[in-house]
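Trainee: pasting the sequence and the predicted coordinates here, then a few questions.
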Amino acid sequence: MKLQRLLSYVRRACDDYSMLAEGDCIAVGVSGGKDSLTLLAALAHLRRFYPKRFEIEAITVSLGLPGEDFKDVQRYCDTLGVRYTIVKTDIGEIIFEARKESNPCSLCAKMRKGALNTEAKALGCNKIAYGHSRDDVVHTFFMSLFFESRIHVFRPVTFLDKMDLHLIRPMIYVPEGEVLSFVKHLGVTVMKSPCPAAGYTKREEMKDFVKAQMVKYKSFDSTVFNAITRSEIPGWRVE
């Protein structure tokens, strides 16, 4: 996928769900993985011509796990002209050593989000951007259905009232396969997650489920996504 196509996806999502406003300062959560690096590239280039002026701040929440190295991310932010902040935490030690969590993902995500939100506010940001792709939308839908017995998925735009921050997801129209294609041409090393639980989560189960359905039904993922956008799930209907 070329940059122009990526920007087309992202701009359409931003326009459809009014994600960007004049004078926004957006914190981009950068893990070093393919989705967050693609999001960073998209917003950094979009700000150059989007009719509403906005700024971005790249923020990484370090879990303090062995193997973390964000030097390539720093270099990439420098090439984009984006300020980069690393928030050092002991989340990894708390989760895996102190608490020895058998199901660590929920608590880890909550702690990471808390650290990201706090730093975003400290830097003067009014919005936070996550790199969830179209596939993430579909996987989350089935996780809610199978494990929570409800028809639900995260919103494209969410207001975090306790922090007075808006959370936006500009990549909801981007298929994961095209993200993989794009990062090959980024010129930056995509970090593999150093988390001991990586690859053994409920989300991975849903990825496998969706892949299996796509063998039988070619457009399974896009059909489910289109159904979500036309449904009564809060926040998804385009006005």
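Mentor: Structure received.
Trainee: helix, strand, or coil at Tyr50?
Mentor: coil (DSSP: H, G, I helix; E, B strand; the rest coil).
Trainee: and it, how many neighbours does it have?
Mentor: 17 (other CB atoms under 10 Å). Where C-beta positions appear, they are placed from N, C-alpha and C, glycine not excepted.
Trainee: surely it and Glu22 touch.
Mentor: No - counting by CB atoms under 8 Å, Tyr50 does not reach Glu22; the two are 10.0 Å apart.
Trainee: how about Arg11: what's its closest non-neighbour residue?
Mentor: If the residues on either side of it in the chain are set aside, Arg11 comes closest to Leu46, at 6.4 Å by CB to CB, 6 or more residues apart in numbering.
Trainee: next helix or strand past the helix or strand of the chain with the lowest mean pLDDT?
Mentor: In the chain, no helix or strand scores lower on mean pLDDT, DSSP states H and E than helix 91-93, which sits at a mean of 80. Where DSSP states H and E defines the elements, the next helix or strand beyond helix 91-93 is helix 105-122.
Trainee: residues in contact with Val210?
Mentor: Going by CB atoms under 8 Å, 6 or more residues apart in numbering, Val210 touches 135, 138-139, 142, 220-221.
Trainee: and the residues you listed, which two are the farthest apart?
Mentor: His139 and Phe220 (12.2 Å; CB to CB).
Trainee: quick one, strands of the protein?
Mentor: 24-29, 54-62, 83-88, 127-129, 157-160, 165-168 (DSSP state E).
Trainee: you'd agree Lys207 is up against Thr140?
Mentor: No - at 11.1 Å, Lys207 and Thr140 do not qualify as touching, with contact defined as CB under 8 Å.
Trainee: which residues of the protein score low on pLDDT?
Mentor: Along the chain, segments meeting pLDDT under 70 span 100-103, 194-200, 239.
Trainee: for Arg150, see how far away the spatially most central residue of it is.
Mentor: By CA atoms, centre = their mean, the mean C-alpha position of the chain lies nearest to Gly131, the distance being 2.3 Å. Using CB to CB, to the nearest Å, Gly131 is found at 25 Å from Arg150.
Trainee: what of Lys127?
Mentor: Taken as CB to CB, the span from Lys127 to Arg150 is 27 Å.
Trainee: which one of those two has more residues nearby?
Mentor: Lys127 (22 against 8).
Trainee: quick one: residues contacting the more buried one.
Mentor: 19, 24-27, 165-168.
Trainee: once you drop chain neighbours, what's closest to Asp16?
Mentor: Closest to Asp16 by CB to CB, 6+ apart is Val238, at 4.8 Å.
Trainee: identify the residues contacting the nearest residue to Val183 once chain neighbours are set aside.
Mentor: The shortest distance from Val183 to any non-neighbouring residue, by CB to CB, 6+ apart, is to Lys34 (4.6 Å). Shown in contact with Lys34 (CB under 8 Å, 6+ apart): 179-180, 183, 190.
Trainee: who wins for neighbours among those?
Mentor: For the contacts of Lys34, neighbours were counted using other CB under 10 Å, and Val179 has the most, 23 neighbours in all.
Trainee: surely it and Gly33 touch.
Mentor: No - using CB under 8 Å, Val179 makes no contact with Gly33, being 9.8 Å away.
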